[in-house]
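Student: this one's sequence-less:
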């Protein structure tokens, strides 16, 4: 059993010891996330050119809580055997993991649409990319202001 005097000595010693564990933001965080975004983009499209158009990304421009953000993507396509959307990819530039969702489609899907909820770490640009059956890639982007961030790095509050 610990006496009161021993407890007070131990408590005072623990307060006097310097704290060695601190949450620090990586000074290269922005550069690392930008590099991760470009790596995820290259993994999807390779060296192909991504064109603007055919894709419509919809999400609210202002979000109170980044934990559940409604998002929908619609791609203009006849969805026939000869001309259809093969996949829809959604990427973010500031989430710890930039590739948020990827959905494979085929001509039997009927419509090239995706509706879901995602988590967003911060105010950022969200990008939707459609991979077409002819090998082309089309995209749309939207800027989103997030007031309460989600997807925080481990150790940060």
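Tutor: Received the coordinates, thanks. It should be emphasised that the depicted structure is a prediction, and the values quoted were computed from it without experimental measurement. Numbers count the residues shown, from 1 in each chain.
Student: can we go C-alpha only for contacts and neighbour counts from here?
Tutor: Noted.
Student: count the neighbours of residue 128 for me.
Tutor: Residue 128 has 25 neighbouring residues, counting by other Cα atoms under 10 Å.
Student: how about the secondary structure of the closest residue to it other than its chain neighbours?
Tutor: Excluding its sequence neighbours, the residue lying closest to residue 128 (Cα to Cα, 6 or more residues apart in numbering) is residue 90, at 4.5 Å. Under DSSP: H, G, I helix; E, B strand; the rest coil, residue 90 falls in the strand class.
Student: what number of residues lie near residue 90?
Tutor: There are 24 residues near residue 90, going by other Cα under 10 Å.
Student: next: residue 131.
Tutor: Quick note: residue 131 (other Cα under 10 Å) scores 22 neighbours.
Student: doesn't it belong to a strand?
Tutor: Yes. Assessed with three-state DSSP, residue 131 lies in a strand.
Student: against residue 115, how distant is it?
Tutor: Using Cα to Cα, to the nearest Å, residue 131 is found at 17 Å from residue 115.
Student: strands of this structure, residue ranges please.
Tutor: Chain-ordered strands for the chain, with DSSP state E as the definition, fall at 50-52, 55-58, 62-63, 69-75, 85-92, 99-104, 113-118, 124-132, 137-146.
Student: where are the low-confidence patches of this protein?
Tutor: 16-25, 151-157 (pLDDT under 70).
Student: picking that back up, tell me how far the residue nearest to residue 128 lies from residue 121.
Tutor: 14 Å.
Student: residue 67 too?
Tutor: As defined by Cα to Cα, residue 67 lies at a distance of 8 Å from residue 121.
Student: among these two, which residue is more densely surrounded?
Tutor: Using other Cα under 10 Å as the criterion, residue 67 and residue 121 rank with residue 121 on top: 22 against 17.
Student: circling back: the residue nearest to residue 128 reaches residue 114, doesn't it?
Tutor: No. In this structure residue 90 lies outside contact range of residue 114 using Cα atoms under 8 Å: 10.0 Å.
Student: now do the contacts for residue 102.
Tutor: Residues counted as contacts of residue 102 (Cα atoms under 8 Å, 6 or more residues apart in numbering) are 87, 88, 89, 90.
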